[in-house]
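1. coords please:
(one chain, ligands or ions: 1)
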Amino acid sequence: MSAPKNIVALTGAGISAESGVATFRDADGVWAKYDYREVATPEGFAANPALVHEFYNARRRALPSVNPNAAHMALADLEKGLTERGGRLTLVTQNVDDLHERGGATNILHMHGELLKAECASCASVIDCRGDLSIESVCGVCNRTGGMRPHVVWFGEMPRFMEEAADAIMGAELFVSIGTSGSVYPAAGFVAEARALGVPAMELNLEPSENAHLFSDARYGPATEVVPQWVNEILTMK
Ligand SMILES: [Zn+2]
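-> Numbering: from 1, shown residues only. Model prediction:
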């Protein structure tokens, strides 16, 4: 294979875990402690918005105390390197944290939304949100009260940027999946999409995912080790 110029990287909780961001689906993850139906569905929000705000406020407040790790930084290096080659890295992340941004990457599709943004149910505006949200929060665009919600995709809602992700995979020479369990659709379907288009697919994960058999190559180990090694290989390819 010649040096790829266009790469799509899908990232999941496994890349942020070593930064200390709690994962959601592991045995000791967030969903082992909270009922997702109460805090991560439109129905839960309608039933008890104060509880849902409290849940996401706690996560938003915890963000500044975690930092991007070597895997986030390596992907930012990859983005720079591919740009210099005349190509591009498209990061499609399932994570709602801002560690890719703080690691230095810029071309990021947050398919599950962002903790640091809020959305107005009245006017659909999406605005930056660094502080707490409550049922008294006022929309800075339409000035209405009571409609502000975390800009996070809940169970039963459509993930964002699916068309952009599909287009990026179509134009890629390599698809890489980093730190995802392979169990959450539609992201879990990206690898099959890539392979159907003849795009090679690499899995970088702590252990083989449920989709491991669909990948053309894989490296297993902590993200802070396998991601920088793999990025170095890509950037030194001629
Ligand atoms: Zn509004």
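2. what about Pro208, how many neighbours?
-> 13 (other Cβ atoms under 10 Å). C-beta coordinates here come from the backbone N, C-alpha and C atoms, glycine included.
3. who are the neighbours in contact with it?
-> 218, 220 (Cβ atoms under 8 Å, 6 or more residues apart in numbering).
4. Neighbours of Ala118, how many?
-> Ala118, neighbours per other Cβ under 10 Å, totals 25.
5. Please disregard the earlier target; I meant Asn143.
-> So Asn143, with other Cβ under 10 Å, has 10 neighbours.
6. Repeat that for Phe175.
-> The number of residues near Phe175, taken as other Cβ under 10 Å, comes to 26.
7. Check the one 10 residues further on too.
-> Using other Cβ under 10 Å, Tyr185 has 9 other residues around it.
8. Low-confidence stretches in the chain?
-> 1, 23-27 (pLDDT under 70).
9. Which helix or strand lies directly C-terminal to the strand ranked longest in it?
-> When the chain is parsed with DSSP state E, its longest strand is strand 113-120. Later in the chain than strand 113-120, the nearest helix or strand by DSSP states H and E is strand 126-128.
10. Which positions in the chain make contact with the ion?
-> 120, 122-123, 125, 139, 141-142 (Cβ under 5 Å from the ion).
11. among those, which ones are buried?
-> Among the residues of the chain next to the ion, those classed as buried by 16 or more other Cβ atoms under 10 Å are 120, 139.
12. for the chain, what spans make up the strands?
-> So, for the chain - with DSSP E - the strands run 6-11, 88-93, 108-110, 113-120, 126-128, 148-152, 174-178, 201-205, 217-220.
13. So in that sheet, which strands flank the second one, and in what orientation?
-> This means strand 88-93. Each strand paired with strand 88-93, and its direction, by DSSP bridges: strand 6-11 (parallel), strand 108-110 (parallel).
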